[in-house]
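Chemist: make a model of this:
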Amino acid sequence: MNTPRTASAPSLHLGTCLLLALSYLGLALLSLYLSRQGPGVASIWLANALASAVLFSHPRHHWLVLLPCMALGNLAAELLFGDPLAVSLFFTGVNLLEVSLAACLLQRATTATRQLQDNPRALLRTLGNGAVWPVLLSASLGAFGLSQLQLGHYVDLWLIWFASSCTGSVALLPLMLIWRQQGLARLLGDFHPMLTPTLLMSCLSLSILALLYLPFPFVYLGAPLLLATFYLSFANVALFNACLAILVSGMLSLGLFIPPPLTASWQAMLLYLPILAVLMPPLLLSASLQQARQRELDFRISEQRFRGALAFAGTGVALASSDGLITEANQRLCQLFGYRREDLLGTHHLDLSHPDDRNLSRERLDELLAGKCDFYALDKRFLNSHGQPFWAHVTVSRLPRQDDADELIVQVDDISDKVEAQHKLNQLRIVAEKANRTKSEFLANMSHEIRTPMNGVLGIAQLLERTELNSTQRKYLDMLHDAGKSLLSVINDILDFAKIEAGRLQLSPCEFELDELVSHMASLMTLQAGERDLELLIQVEPQVPRRLLADRNRLEQILANLTGNAIKFTPHGEVELSIGVRQQGSRSLLHFRVRDTGIGIGAQQQASLFEALESSEPMRTSPSGGSGLGLAISKRLVQLMGGEIGLHSATNQGSQFWFDLPLKQPLQTSVTTLPEIAALAGLRVLLVEDHPRSRQIIWQQLCAYRCSVDCAESCAGAEALFEQALIAGQPYQLLLIDWQMPGASGLQTLERLREHAPKAMPPCLLMVNAFAREHLTSTDTGASVAGLLLKPVTRSSLQRHMLEALQHPQSRQADELLREQQPLQGSHLLLVEDNTLNQIVAQGILEQMGARVSTASDGQQALACLRQADPPFDLVLMDIQMPGMDGFTATRLIRDELGLQLPVLAMTAGVSPREREQCLAAGMNAFIAKPIDQHLLLKSLRPYLPHRSSPPVTAAAAIAQPSAVLNADNLQRLCAASPDVHQTMAGLIASVIDRGLQPLEEIREAWHNGKHDEASRLLHTQRGSLATLGAVGVPALCLRIEDSIRQQQPDRVEPLLAELDSEFHAMLDALQHWLRDHPPGKA
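Modeler: Model (predicted):
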């Protein structure tokens, strides 16, 4: 540090510099006059002490001015005493070096310098920095210079220089430092007006007498100084030291003590060592006494503060001896117990305790006194002066003392009101818990009473089904069966929640195939993602058994909830479900993990995320709602299965939910259950996938089948590997290519690979997203495409598609046959449909017939596609009602703004006269009814496509007439197209069944709340979606209700809604029967 922390930072003025020069000159002249020796070295040198103190108190940039002033004073003094100019300059330079070094050392130890008055260690360090170490340097340089000038021997000169400078600095430096730190006013204030001059004169007089008349006079010089230390401050002792040093030096110079000249120059050292011995003890003793006085003062202040705080504290406080006897008590403690202070003093503090609590307090006190703890705190009862108990929180701690007699401090805080309130809360909590437990037990116990008669009703209904019934009776029976199943489903949901609360939920473990569960989760994740740009991933480690023993439905419920949340709160990026095995000691655990790259969850919300009625929705910006029970139920289910659940997440960094379950397998099942298929072992596969995580998962699945796999992340990398394999004579036997990659798509990559081996092209599987806007087929290019592999890729779907591709290679004859079976080959169609389900079905049917289909979700996207189409579209299939821009507006803009005259066909679930007029007015050509029938669709499209000669078909002829609850033939034809479509449709039907009557409730709620437009929109959505699945009665009723709402006929809406409720039950039952009879994977 450059500047010491003094009382005030001094400023540098011309007067200050002049005063310093004159002061230095005066002290230098005094030193030279009093103690000049033969070689020209002063026997005591006082000026450097003043210079060091002044430099210490100024910042170093002031030294550039102060040092020249000192040099002028030193040079003038030397010249006045007759020293040559060269010698004077030499003396001046060495002195400046000494004072500079002293000031630097003092500034580096500023803390010690400031404490020199009340700290003996600090005093010694200050004297060493200012009077010893710098003098060693200056004496060495000075003696060397003078010896070179033949002014004496080096050793004699060094001893004289060191003795004179060190004695002068020790004598004057403490006083000068006090002056520079405190200022002149405070320094003078330390001097007693009567006592200081009296003792000073006495000290000097006794010193003169001792030096003149007593033998060994230095023994007596310290006595008056030591006496002064007991009555006066450190500053006074420093003043006495300076005066005594000047007195002794003067008497030596005048010859009153030992007449000069001395017999040898080094004998001066023998004179000034006793002087130093006289000066040092009083300084050290004064500093020690000042330190003791300061400590005593601090202790008294601390004691006063403590007693003041004790007296006015809001808590009762008492001091007690180690025996437990109260030695002090504050006013609050007296008020708590109702005693006077005099009555409490001398009382054992345990005697104030309630008799039932004394033993516990005594045990804790013994532990405290034995040193086992520093304090103890507890809630206990005391007795006041009237014998009435009251509750208090007491804290007892130990205060060590130097006499080993520990003192106790006891704090007592009245908590009677708090204890009473807590007691009332506990009673209320017990009553509430009992009521809640009674409610839960009642609901849980009612399970048997409610289920048994309901199952009986359903059983009788099934028996009646087998008897001869007329159509009306069978209709009523179906309605009874459906209503009973619906009611039973609602009862099961309610009882599940009740059982969870009552702790009586029973698991139903069974053997099941893990691949079936994973396949269903893949379909469910695809449905949950909709049209989001998400990379869906599923990884099952090879060591995971294929058959498990667990409650499959509950496990699927947990996974569906976690993946649904992950997809809901991940606008873009990836969502991964992974299943593995990990060891925990001797236990094997199934480890499930759902990872996403979504918006994440903050640390504050994670603590309560698994609690009931808590969810992440309020903390995440999402239009989706949530009941707040999903994660809580998932946690309870995991715990019931003997596992644990947790998460790792951070805001904007995604989330990772995980849970572990004990690995349970059926008997005679090994852990490594992934089968080895001979057709796949050693198969050379080229995997082209740009997404790194998806590439890694598929690579691991292929390696589990012992395939030889090479990976590429782009078209260029695939070409390089493909060409290297051909050159090496080891061509690939199967290609797995992602359909959408940056730079070149999957089909473009396939075309480039085919250029290298046009006659020996291996079969290829294109990996596609089921909800992609551009679905791909093998007829889009001339490349050999063996099939489409839907993402997320599971090990079962990968295995099945690979085996199919190897057993059914593409050939030119197959391509010819495919063209004959695809009447729309070469047609380019634009499908405008906002409903995902309708879009999948329509696109699948059109592509099966050979058309190339592009999709748009609303009118605005359709216009953009038409503007950018190259080659242009042959025909547009336009939905009527869509969010944003509807079909009517889009068609008018196609005709008016774009000026296109291509055919535009309306797609609607039911054509009302009003809709027909609007369609014709907007410029549409015809109508296609929903649900889509392949034959009627082809019949409607052919007249408007190039090179087709069939006559136009009217809109009325294109409308399908429903004849039953469910048109299963349409579903059967659609699902027969491919196993993947069958898998997707099964997932969609399962989703409709799981939602149950929720869509009807939403329609009713919108209607009853006066939101007629919202009700019409919901009806239209249900009409289109369910008609696509083959429903007949429900879409027709939806259309009738829409017309009634549009015509403002509310009296017709309620009866129709009741009829819709009945038809909806029938449809759900029919869908459930169809799904049971046509499970995914069934031929």
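
Chemist: contacting residues around the residue nearest the centre of the chain?
Modeler: Nearest to the mean C-alpha position of the chain, counting by CA atoms, centre = their mean, stands Ala650 at 4.4 Å. If a contact means CB atoms under 8 Å, 6 or more residues apart in numbering, then Ala650 has Gly600, Ile601, Gly602, Ala603 as its contacts. Placement of C-beta: from N, CA and C, glycine included.

Chemist: roughly how far does it sit from Ser745?
Modeler: According to CB to CB, to the nearest Å, Ala650 stands 35 Å off from Ser745.

Chemist: His1020 now?
Modeler: Applying CB to CB to His1020 and Ser745 gives a distance of 35 Å.

Chemist: next: Leu247.
Modeler: Distance from Leu247 to Ser745, by CB to CB: 108 Å.

Chemist: quick one, what contacts Met1067?
Modeler: Shown in contact with Met1067 (CB under 8 Å, 6+ apart): Val965, Leu966, Leu1026, Ala1031, Gly1033, Val1034.

Chemist: extract the CA atoms of the helix or strand hosting the last one and return them as PDB.
Modeler: It refers to Val1034. Using DSSP states H and E, Val1034 maps to helix 1033-1046. Taking C-alpha atoms only, helix 1033-1046 is exported to PDB below (Å, rounded to 0.1, in the frame of the first residue of the first chain):
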ATOM      1  CA  GLY A1033     -74.400 -42.700 -36.900                       C
ATOM      2  CA  VAL A1034     -72.300 -40.300 -35.000                       C
ATOM      3  CA  PRO A1035     -71.100 -38.200 -38.000                       C
ATOM      4  CA  ALA A1036     -74.700 -38.000 -39.200                       C
ATOM      5  CA  LEU A1037     -75.900 -36.700 -35.900                       C
ATOM      6  CA  CYS A1038     -73.000 -34.300 -35.600                       C
ATOM      7  CA  LEU A1039     -74.100 -32.800 -39.000                       C
ATOM      8  CA  ARG A1040     -77.700 -32.500 -37.900                       C
ATOM      9  CA  ILE A1041     -76.700 -30.800 -34.700                       C
ATOM     10  CA  GLU A1042     -74.400 -28.400 -36.600                       C
ATOM     11  CA  ASP A1043     -77.300 -27.500 -38.900                       C
ATOM     12  CA  SER A1044     -79.600 -26.900 -35.900                       C
ATOM     13  CA  ILE A1045     -77.000 -24.600 -34.200                       C
ATOM     14  CA  ARG A1046     -76.400 -22.800 -37.500                       C
END
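
Chemist: who are the neighbours of it, in terms of helices and strands?
Modeler: helix 1012-1028, helix 1050-1077 (3 or more CB pairs under 8 Å, 6 or more residues apart in numbering; DSSP states H and E).

Chemist: got the confidence number for Ala421?
Modeler: Listed pLDDT for Ala421 reads 88.

Chemist: and it, how far is that from Trp391?
Modeler: 11 Å.

Chemist: now do Asp660
Modeler: With CB to CB as the criterion, Asp660 and Trp391 are 46 Å apart.

Chemist: just the C-alpha atoms of stretch 378-397, please, in CSV.
Modeler: The C-alpha coordinates for stretch 378-397 follow below in CSV (Å, rounded to 0.1, in the frame of the first residue of the first chain):
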residue,chain,number,x,y,z
LEU,A,378,-35.8,-28.0,24.6
ASP,A,379,-39.5,-27.2,25.2
LYS,A,380,-40.5,-27.8,28.8
ARG,A,381,-42.9,-26.8,31.5
PHE,A,382,-42.1,-24.4,34.4
LEU,A,383,-44.0,-23.4,37.5
ASN,A,384,-44.6,-19.8,38.3
SER,A,385,-44.9,-18.3,41.8
HIS,A,386,-48.5,-19.4,42.0
GLY,A,387,-47.7,-23.0,41.1
GLN,A,388,-49.3,-22.7,37.7
PRO,A,389,-47.4,-24.5,34.8
PHE,A,390,-46.6,-22.8,31.6
TRP,A,391,-44.7,-23.9,28.5
ALA,A,392,-41.4,-22.3,27.6
HIS,A,393,-38.6,-22.8,25.1
VAL,A,394,-35.3,-22.9,27.2
THR,A,395,-31.8,-22.7,25.9
VAL,A,396,-28.8,-23.3,28.2
SER,A,397,-25.3,-22.6,27.1
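
Chemist: so for it, mean pLDDT?
Modeler: The average pLDDT for stretch 378-397 rounds to 89.

Chemist: what's it in contact with?
Modeler: Contacts for stretch 378-397 (CB under 8 Å, 6+ apart): 316, 336-339, 352-354, 356-357, 360-361, 364-365, 368, 374-377, 408-416, 418-419.

Chemist: and it, how far out from the chain's middle?
Modeler: With CA atoms, centre = their mean, to the nearest Å as the basis, stretch 378-397 stands 45 Å off its chain's centre.

Chemist: in that stretch, which residues are buried?
Modeler: Lys380, Arg381, Phe382, Leu383, Pro389, Phe390, Trp391, Ala392, His393, Val394, Val396 (16 or more other CB atoms under 10 Å).

Chemist: list the buried residues in stretch 321-340.
Modeler: Buried-residue list, stretch 321-340, by 16+ other CB under 10 Å: Gly324, Ile326, Glu328, Ala329, Asn330, Arg332, Leu333, Cys334, Leu336, Phe337, Tyr339.

Chemist: ends of that stretch, how far apart?
Modeler: 19 Å (CA to CA, to the nearest Å).

Chemist: same question for stretch 398-409.
Modeler: Note: stretch 398-409 ends 6 Å apart using CA to CA.

Chemist: residue contacts, the nearest residue to Ala245 once chain neighbours are set aside?
Modeler: What sits nearest to Ala245 in space, not counting adjacent residues and going by CB to CB, 6 or more residues apart in numbering, is Ala171, at 3.5 Å. By CB under 8 Å, 6+ apart, the contact list for Ala171 reads Ile44, Leu46, Ala49, Asn241, Ala242, Leu244, Ala245, Ile246, Leu279.

Chemist: and of those, the nearest to Leu680?
Modeler: Using CB to CB, Ala49 comes nearest to Leu680 of the contacts of Ala171, at 98.5 Å.

Chemist: does that closest one count as helix, strand or coil?
Modeler: Of the three states, Ala49 takes helix according to DSSP: H, G, I helix; E, B strand; the rest coil.

Chemist: how deep is it tucked in, by neighbour count?
Modeler: 26 (other CB atoms under 10 Å).

Chemist: my guess is it contacts Met176. True?
Modeler: Yes - in this structure Ala49 lies within contact range of Met176 using CB atoms under 8 Å: 5.4 Å.

Chemist: doesn't Cys703 make contact with Leu680?
Modeler: No - Leu680 is beyond contact range of Cys703, at 10.8 Å (criterion: CB under 8 Å).

Chemist: between those two, which one's more packed in?
Modeler: Between Leu680 and Cys703, counted using other CB under 10 Å, the more crowded position is Leu680 (21 against 13).

Chemist: any idea how far Phe162 is from Leu30?
Modeler: Applying CB to CB to Leu30 and Phe162 gives a distance of 20 Å.

Chemist: please disregard the earlier target; I meant Thr836.
Modeler: To Phe162, Thr836 is 100 Å away according to CB to CB.

Chemist: ok, now Leu1018?
Modeler: 106 Å.

Chemist: again with Ser1062
Modeler: Counting by CB to CB - Ser1062 and Phe162 are separated by 119 Å.

Chemist: over to Leu937?
Modeler: 117 Å.

Chemist: and what of Leu177?
Modeler: Counting by CB to CB - Leu177 and Phe162 are separated by 21 Å.

Chemist: who's more crowded, these two?
Modeler: Remark: of Leu177 and Phe162, Leu177 carries more neighbours, 25 against 20, as counted by other CB under 10 Å.
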